[in-house]
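In: Quick one: sequence plus predicted model below, questions after.
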Amino acid sequence: MSGVFRSCPLLETVSLTAQGFVLISGLESIPADAPLPLRSLSLRRADLLQEDLENLLAATPRLEALRLVDMRTNKDASTGYSLSRLVQSLHNIPPRVEARFFDSEVSDVMYELDPTLTGWSFWGCDLTDKILSNLTDLTNVVTTLELHDIYTDKAGPSCRLHKYLCVSPHLLHLRAPRTAIMVEALDLHSRSHLIHKGYLPVDEKGKDKERKVRDWNMFRATCDHGQTQVWMCRKLRTLHFSIYSGTEPDFVSPARSRIVFGYLSRVCPNLQDLQITHPTQRGERGEVTYPALDLRLEGGLCLLAKMRQLRILRIGSFDSKLTAQPKDLSWMLGEASQKDKERMQQRALRKATVEGWEDWLKAEKADDDYWKDAVMCKRWRPESNPSDHVELWLREDLKTMGLLLDVKLMLDEMDCPGDNGLEYRGWPALRQISLNSAKESTRSPEKEFQRLFSSRFDFIRLGR
């Protein structure tokens with residue numbers, strides 16, 4: 001490593017990542033009286049003597065960001081780290097340094113570190129009770145939180161990350177791609193059970209089962225999944241997480257997708273980077289299912305158009321089947337990307353679809369009213385919880401969340417010209433998007449639309 005610094009005397013950023021542990025040597029020869037210009041150091045799975053790391057830290061007075069990712073900590077006598085000694089070394093780093101770790105053991109010494117640190121990273125899919133307790137005490141200063149693991153964990157109703165978000169008003173960046181939060185935890189009004197008759201299961205004879213929606217979904221409406229608090233992170237700019245359903249693994253109901261999109265668009269309106277993935281799940285018969293958020297109009301993806309600062313959007317899924325049609329997603333394209341005739345045609349198809357929801361909207365309202373005052377149906381009532389500091393405007397805005405009506409109101413706004421006569425444009429800042437794909441690569445909205453509908457869509461004009 002010392003050879004790298006000699007060959008690149010102006011090097012300011014070093015990031016090393018390995019699948020297995022990689023041995024790093026040569027740092028003992030770096031003289032402390034010849035400081036390096038290094039500003040950012042990130043080591044992941046490094047086999048590095050603590051003396052060498054401390055020597056490197058002493059030679060980098062300009063260091064601003066330090067990330068130690070899954071380092072060897074007491075796993076081998078020859079490379080074991082002393083956390084107390086490491087803490088003392090970190091005390092010698094300039095106050096502006098942002099130290100991060102990927103090890104739950106660090107939670108025991110968090111208070112010994114500089115309490116003004118703004119960024120924390122941990123190895124694991126969810127927060128431990130100890131980390132949650134310590135982070136809660138640091139709520140007013142933590143702006144970046146990362147959780148990383150190689151496996152996806154369906155955290156369940158007791159998800160500590162969800163609890164932390166409900167008390168973290170200053171958080172700006174959350175990257176927890178392997179942490180799966182239950183959609184039921186976001187379902188403030190217990191509406192995930194509202195399924196239109198057309199979405200009821202079909203028996204082997206091809207006839208709809210003779211059961212009312214409210215009876216078929218009683219379990220879904222009576223479960224308490226902790227949906228009594230709302231995330232406080234209104235300033236959040238980056239959000240990477242997984243979503244799953246504890247009561248309907250295959251996400252058949254578009255209501256669940258409406259809840260996810262409706263919740264995020266209101267609670268985190270300032271997002272610039274949003275990435276949602278799905279863990280594989282097991283069905284009632286043990287079969288593997290590949291859930292996916294509903295990208296059709298009734299799924300409510302258009303609700304995310306309220307995020308006017310969104311620049312990156314990725315909704316990943318291992319399910320390669322696409323149920324959406326061009327009319328469901330053409331609203332995300334700018335006027336310059338479509339011919340006038342085809343744009344009007346897509347708008348007419350959207351309007352016809354919404355007009356066909358009339359009976360669905362009536363049935364949904366009747367079913368929602370039925371459950372509104374049911375004792376067994378737990379719903380979010382902020383006025384009964386003094387510790388719930390949700391803004392008044394947000395309480396009002398959340399009332400239609402999860403309903404098909406929520407989507408209709410948004411589509412009506414999108415298809416109605418503004419006061420200046422210009423058409424509504426969703427995501428004016430969006431640069432990269434990926435929908436219904438397991439790959440992490442993203443494209444421009446126009447190119448992603450072409451990828452999704454290349455066999456059914458010929459009116460896109462890609463700019464050069």
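Out: Arrived safely, thanks for sending. Treat the numbers as computed from the prediction; the structure is a model and nothing was measured.

In: Ile276 looks like it's in a helix, true?
Out: No: the secondary structure assignment for Ile276 gives strand rather than a helix, going by DSSP: H, G, I helix; E, B strand; the rest coil.

In: these two touch, right, it and Ile315?
Out: Yes: look at Ile276 against Ile315 with CB atoms under 8 Å: they come within range, at 5.1 Å. C-beta coordinates here come from the backbone N, C-alpha and C atoms, glycine included.

In: Show me which of these two is the more surrounded one.
Out: Ile315 (23 against 20; other CB atoms under 10 Å).

In: Next, the contact list for that one, please.
Out: Ile315 makes contacts with Gln275, Ile276, Thr277, Leu293, Leu295, Leu301, Ser434, Leu435, Asn436, as judged by CB atoms under 8 Å, 6 or more residues apart in numbering.

In: Lowest pLDDT pick from these?
Out: Lowest pLDDT within the contacts of Ile315 is found at Asn436 (83).

In: In TSV, list the contacts of Ile315 along with distance to Cys159.
Out: What follows is these, written out as TSV (distance: CB to CB, whole Å):
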residue	distance to Cys159
Gln275	18
Ile276	15
Thr277	16
Leu293	19
Leu295	25
Leu301	24
Ser434	25
Leu435	25
Asn436	25
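
In: before we move on, back to that, quick check: neighbours shared by Ile276 and Ile315?
Out: Leu293.

In: got any ranges where the stretch 251-400 of the chain has weak pLDDT?
Out: Across the stretch 251-400 of the chain, the ranges flagged by pLDDT under 70 are 251, 282-284, 319-320, 334-339, 373-389.

In: the strands in it, which residues?
Out: With strands called from DSSP state E, counting those that start in this stretch, the stretch 251-400 of the chain shows them at 273-277, 281-282, 288-289, 312-315.

In: okay, these in JSON lines with distance to Tyr164 next?
Out: Shown next, in JSON lines, are the strands of the stretch 251-400 of the chain (distance: least, CB to CB, whole Å):
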{"stretch": "strand 273-277", "distance to Tyr164": "18"}
{"stretch": "strand 281-282", "distance to Tyr164": "24"}
{"stretch": "strand 288-289", "distance to Tyr164": "29"}
{"stretch": "strand 312-315", "distance to Tyr164": "23"}
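
In: In three-state terms, how would Ala180 be classified?
Out: Relying on three-state DSSP, one would call Ala180 strand.

In: Leu56 is in what secondary structure piece?
Out: Leu56 is part of helix 50-58 when elements are defined by DSSP states H and E.

In: for that helix, packing partners?
Out: helix 83-91 (3 or more CB pairs under 8 Å, 6 or more residues apart in numbering; DSSP states H and E).

In: try 10 Å this time
Out: If contacts are counted by 3 or more CB pairs under 10 Å, 6 or more residues apart in numbering; DSSP states H and E, helix 50-58 sits against helix 2-7, strand 40-47, strand 65-69, helix 83-91.

In: That helix vs strand 65-69, what angle?
Out: 160 degrees (axes from the mean of the first three to the mean of the last three CA atoms, to 10 degrees).

In: buried ones in helix 50-58?
Out: Judged by neighbour count using 16 or more other CB atoms under 10 Å, the buried positions of helix 50-58 are Gln50, Asp52, Leu53, Glu54, Asn55, Leu56, Leu57, Ala58.
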